[in-house]
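**Student:** below is the sequence, then the predicted model.
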Amino acid sequence: MKFSDRIQKVDRRIIYVILLIAVVLPLVFRLGFKTYTTTPVENLYRHIDAIAGKDDMAILMDFTHDPGVLPELYPMDLAILRHCFERNIKVFTISFLPQGAAIIQMALSEVKEDYPNIEANVDYCNFGFKPWSTKLPIMLGMGDDIAEAVETNSEGLKLENLPIMQNMKNYDNIQVVVEISGSSMGQFWVIYARAKFGVDVAVGLTAVMAADVYPYLQSGQFVGSLGGLKGAAEYEQLVDIFAMNGLEFSKKKARDMEWVEAQYEELPELAQLYKYNKARIGMDAQAIVHVLIIFFIILGNIGYFLDRRAQKKSM
Amino acid sequence: MTETIGIWIAAFLTLCMFSFLYKDNPFYKFAEHLFVGVSMGYYIPYTYYNAFIPYAYNPLFLKKEYILIIPFIIGFLYWFRFSSKFSWVSRYPIAFGMGMVGMGVPMSMHATVLVQMRSMMLPLDNINIILIFVGTISILLYFFFSKAHEGVYGKFTSVGIWFMMVGFGASFGYTVMARISLLIGRIQFLLGDWLGLIK
Amino acid sequence: MKRQIPLMIVLILGLLFVAHVFIPSKISTDYLEWFMKWTKVIGPFAIVLGVFSLVYVHYNKIKRKAPNWGYSIVTLTALVVTTAVGFIWGIQEGTPYMWIFKNFNVPLGATMFSLLAFYIASAAYKAFRARSVEATVLLVAAIIVMLGRVSIGQAITHWIPDITEWILNVPNLAAKRGIALGVGLGMTATSLKIMLGIERSYLGGKD
């Protein structure tokens, strides 16, 4: 068999095994690559951080995702929640998918166990699941009165009686709506809530859609975005080097890799927990696999061109 | 104990799913069907506790807002969808919900068209803004089929193809990234949570 | 009665919503409040459609002893057990309902989609060919983005992440905006067609 034929006819299972090895090895033997941060992620971090310590401002996290995209989006969920709990930022959570509501509970309980002082309905409030058909009514209703539009939290308690709601009325008290989404790209929030009430919107997306948000970032309709595992890794890093070290955000510092490396030396034990580093550890494997995929593309094309040349010669 | 059992079950189901890579087999089929059932099982209790009780039951039966009996009945009409004779009745609740498209017309025009156009009409004072402007216009013209794509016009519209190829390339690069991330997540589970090789 | 009245409902409610957007007044605010309240009551009933469809399909498979009917028992059992567990022990964190979610739903859902990683690796090798100049441009852009989004790109040269950022912020932005404008106009046109009763397939049925 010719070389070009051999390249073209490799069994797919061999490719699968090579891919698996490329994923497993960097995860077991950690490479510890540091990620660099990008503007959309920094903008979201800064925007959320701006309300640290304020009782009358909160962020609203909309978990529009299910377990299918959890490896990409769950580290974002944890990183944003950790940022808020660390910096005393009020959080509302909601989901219009039942699985999303279960993910909220998972994420909240996972982060809360490291922040025993954080109290439900005081520091955060989980609105829980609301059916998709009520998304627009709730989204529009919150422009006038959040408690009236949402009515109850995930435990069935009336919102208007909860301590966290005493200083919250409507979107004027929402710094940013962050839709962490497996599919819908925050469009509903932009079309209705932003256009009608001017609330800021940001998105955390699977990487599949990450390139599609750039027009909305430039127009200011999204104040920031996290794209896939890379976006999650960046946010994890910003939380570590700023929030966990009690520092204010600085773009210049975030981009200075030597300063970033130095901050990693100072991190408290909490920041070193595996669950809060999952995206960054995953990015080690991601780097190796990207190189492998590029190698596959090049090798496949070499086979293709050799084959084409041989066919031309024989004609 | 329950946590350990849970992790072993999760690992078993993960491997059942992965077995499809070799070929379709009963383990994969079992896992696939289990997934459909469990996923749907999440809709009923969540909808009951978080939507039906606070939005329908409480206002009508506890607060005695009897006017809500009308939407309550309209909601019930959905169920006629399964009757071959009266399925048309289920169109009423669908139509009620659809009424909201009236808001969608001006709002989506504003957010997805007008604001995007406005963001394009910036002073052409640097090369990137000029490129974005030319790129967007050429793509829009590329999809305008009422004029033949020939001559200078045709050449200009073909510029749009190049922009689109770069855009699709970026999306493709990101798509590869997304798929790999999902695999990394599952391997992290198997190696970390299950086998304890990553800490 | 069967089709015309639902279409009239859509048209009237739709026109009132258009008016609501353009004419802010007490009446239009009250209209929105009324609509929201009623929609929230109607919404939960729709869930039955999905559940019933699933049960109907699998029940029929079992009844007819269709090929692989045994797996339909798995689906229905899982549906009944998950639902029952939710009603018996509740749906809060720490309940068996959440245990099922973490140990059944999460691994099944996440692994199903992770299979795509293998297919995309195989496709990278066997299908992504630079057959034309345009395809080559696509592949080159993809390779730059793939390298630029991971630390290896940064380690090779800082130009790779910089070029990636430029690709995303300039040509990609232009491309996605061109497409987004088309999609936006399409969405508006479709909404208008629904409101005016030109597009009516969502109602289902023939008569």
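**Tutor:** On my side now, so go ahead. Just so it is clear, the structure is predicted and the values come from calculations on it, not from any experiment. Numbering: from 1, shown residues only, chains lettered A, B, ... in the order given.
**Student:** wasn't residue A:59 part of a helix?
**Tutor:** No - using DSSP: H, G, I helix; E, B strand; the rest coil, the assignment for residue A:59 is strand, not a helix.
**Student:** distance check, it against residue A:202.
**Tutor:** As for residue A:59, its distance to residue A:202 is 9 Å (criterion: CB to CB, to the nearest Å). Where you see a C-beta, it was placed from the backbone N, CA and C, and this is true even at glycine.
**Student:** for residue A:209, same thing?
**Tutor:** Residue A:209 is 14 Å from residue A:202, by CB to CB.
**Student:** who's more crowded, those two?
**Tutor:** residue A:202 (29 against 22; other CB atoms under 10 Å in any protein chain shown).
**Student:** thinking again about what came up before, overlap in contacts, residue A:59 and residue A:202.
**Tutor:** In terms of CB atoms under 8 Å, 6 or more residues apart in numbering or on different chains, residue A:59 and residue A:202 are both contacted by the residues A:176, A:177, A:178.
**Student:** so which of those is the closest to residue C:98?
**Tutor:** Set against residue C:98, the nearest of the shared contacts of residue A:59 and residue A:202 by CB to CB is residue A:178 (23.2 Å).
**Student:** and that closest one, what does it touch?
**Tutor:** Taking CB under 8 Å, 6+ apart as the test, what residue A:178 contacts is A:44, A:48, A:59, A:60, A:61, A:62, A:80, A:201, A:202, A:203, A:204.
**Student:** make it 6 Å
**Tutor:** Going by CB atoms under 6 Å, 6 or more residues apart in numbering or on different chains, residue A:178 touches A:61, A:202.
**Student:** contacts only, for the residue of chain B found nearest chain A.
**Tutor:** Per CB to the nearest CB, residue B:185 is where chain B lies closest to chain A, at 2.0 Å. Counting by CB under 6 Å, 6+ apart, residue B:185 touches A:71, C:110.
**Student:** tell me which element it is part of?
**Tutor:** Residue B:185 belongs to helix B:151-188 when assigned by DSSP states H and E.
**Student:** buried residues, that helix. List them.
**Tutor:** Judged by neighbour count using 16 or more other CB atoms under 10 Å in any protein chain shown, the buried positions of helix B:151-188 are B:157, B:159-188.
**Student:** repeat for stretch A:88-95
**Tutor:** Residues of stretch A:88-95 classed as buried by neighbour count (16+ other CB under 10 Å): A:89, A:90, A:91, A:92, A:93, A:94, A:95.
**Student:** might one say that the fifth one is in contact with residue A:62?
**Tutor:** What that stands for is residue A:93. No - applying CB atoms under 6 Å as the test, residue A:93 and residue A:62 come out as separate, 8.0 Å apart.
**Student:** residues from chain B in reach of chain A?
**Tutor:** Contact residues, chain B versus chain A (CB under 6 Å from any CB of the partner chain): B:21, B:42-43, B:46-47, B:50-51, B:54, B:97, B:100, B:107-108, B:110-111, B:115-116, B:119, B:170-171, B:174-178, B:180-185, B:187, B:191, B:197-199.
**Student:** which helix is the longest one in chain C?
**Tutor:** helix C:171-195 (DSSP state H).
**Student:** shaky segments in chain C?
**Tutor:** By pLDDT under 70, the low-scoring segments of chain C are C:1, C:205-207.
**Student:** ok, chain A next?
**Tutor:** By pLDDT under 70, the low-scoring segments of chain A are A:1, A:4.
**Student:** what's the local residue count around residue B:106?
**Tutor:** 18.
**Student:** give me the nearest residue to it, chain neighbours excluded.
**Tutor:** Excluding the flanking residues, the one nearest residue B:106 by CB to CB, 6 or more residues apart in numbering or on different chains is residue C:21, at 4.8 Å.
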